[in-house]
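Visitor: Provided below for reference: sequence and predicted model.
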Amino acid sequence: VDAAAGIVFQLRRGEDELASAVFGKRGRIYNSRYVRRESSEPVYLYRGALTGLVDRSVDDWRDKRILSIEADSVGRVDVQRGGESYTLVKDGERWRFGTGVAADSAAVRRMLEQYEGLETSSFATDAQADSADFEPPDRRVTMLGAGGDTLVALVFDSTASAFWTQKTLGGYLYRLLQWKVNQMIPADSTLRP
């Protein structure tokens, strides 16, 4: 439980340090770990919830929610997928393509449900963010509300097994798995009756 090999765990409120402890190896008792105050020598066997929390990485502590849009609040969806694009427009309770052709409303609903409580699997490192290329994006989706207000606009850059996504206004770079993005931005053929 020395500061070099242990995990220093600090609780802070603003600039004030409330507590600081050094957690060492796990104990033999379930959910236990050796711990000492950073400023003192005695070591204790601690049992409790903090034993698992100290192993978390910075990303584990971050809020992974990208956005949350209620499907019923969407009135229009503009999609660009590679060189193809399509628009979906809500017509009462039914959905139509921008061309006026009827869409499979249940399939559109399944697509929109992907945006309710959308969470990332991880965040980009600085090196990954530097290599992401959104000019032009591999995929793009823009959702408008019933009044024409923009609810969300996302751009996507593909990698071997995932996509980096970002809100078009900038900000964090989120990682989404390929299968998830394919459900969020399906080919228009899957949305036809």
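Guide: Right, received. Where do you want to start?
Visitor: C-alpha only now, for contacts and for neighbours.
Guide: Will do.
Visitor: show me where this protein has helices.
Guide: Taking DSSP state H as the criterion, the chain contains helices spanning 50-53, 58-61, 105-113, 126-131, 178-184.
Visitor: Send over stretch 183-193 as CSV, restricted to the C-alpha atoms.
Guide: This file holds the C-alpha atoms of stretch 183-193, laid out as CSV (Å, rounded to 0.1, in the frame of the first residue of the first chain):
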residue,chain,number,x,y,z
GLN,A,183,-29.2,0.0,-36.6
MET,A,184,-29.0,3.8,-36.1
ILE,A,185,-28.4,4.5,-39.8
PRO,A,186,-29.8,1.5,-41.7
ALA,A,187,-29.8,1.2,-45.5
ASP,A,188,-33.0,2.7,-46.9
SER,A,189,-34.0,-0.7,-48.4
THR,A,190,-34.6,-2.0,-44.8
LEU,A,191,-37.1,0.8,-44.2
ARG,A,192,-39.3,0.0,-47.1
PRO,A,193,-42.5,-2.0,-46.6
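Visitor: quick revisit: let's have the helices of the chain in a markdown table, adding distance to Thr142, mean neighbour count and mean pLDDT.
Guide: Below are the helices of the chain laid out as a markdown table (distance: least, CA to CA, whole Å; neighbours: other CA atoms under 10 Å; pLDDT from 0 to 100):
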| stretch | distance to Thr142 | mean neighbour count | mean pLDDT |
| --- | --- | --- | --- |
| helix 50-53 | 37 | 14 | 84 |
| helix 58-61 | 27 | 10 | 78 |
| helix 105-113 | 12 | 17 | 96 |
| helix 126-131 | 22 | 10 | 85 |
| helix 178-184 | 11 | 16 | 95 |
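Visitor: which residues does the residue nearest the centre of the chain contact?
Guide: Geometric centre of the chain, nearest residue: Thr120, 2.1 Å, by CA atoms, centre = their mean. Thr120 makes contact with 64-66, 174-176 under the criterion CA atoms under 8 Å, 6 or more residues apart in numbering.
Visitor: Filter those down to the buried ones and hand me the ChimeraX line.
Guide: Provided next is the ChimeraX selection string for whichever of the contacts of Thr120 are buried by 16 or more other CA atoms under 10 Å:
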select :64,66,174,175,176
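Visitor: of all the contacts of Thr120, which comes closest to Ser32?
Guide: Of all those, Lys64 has the smallest distance to Ser32: 27.9 Å, by CA to CA.
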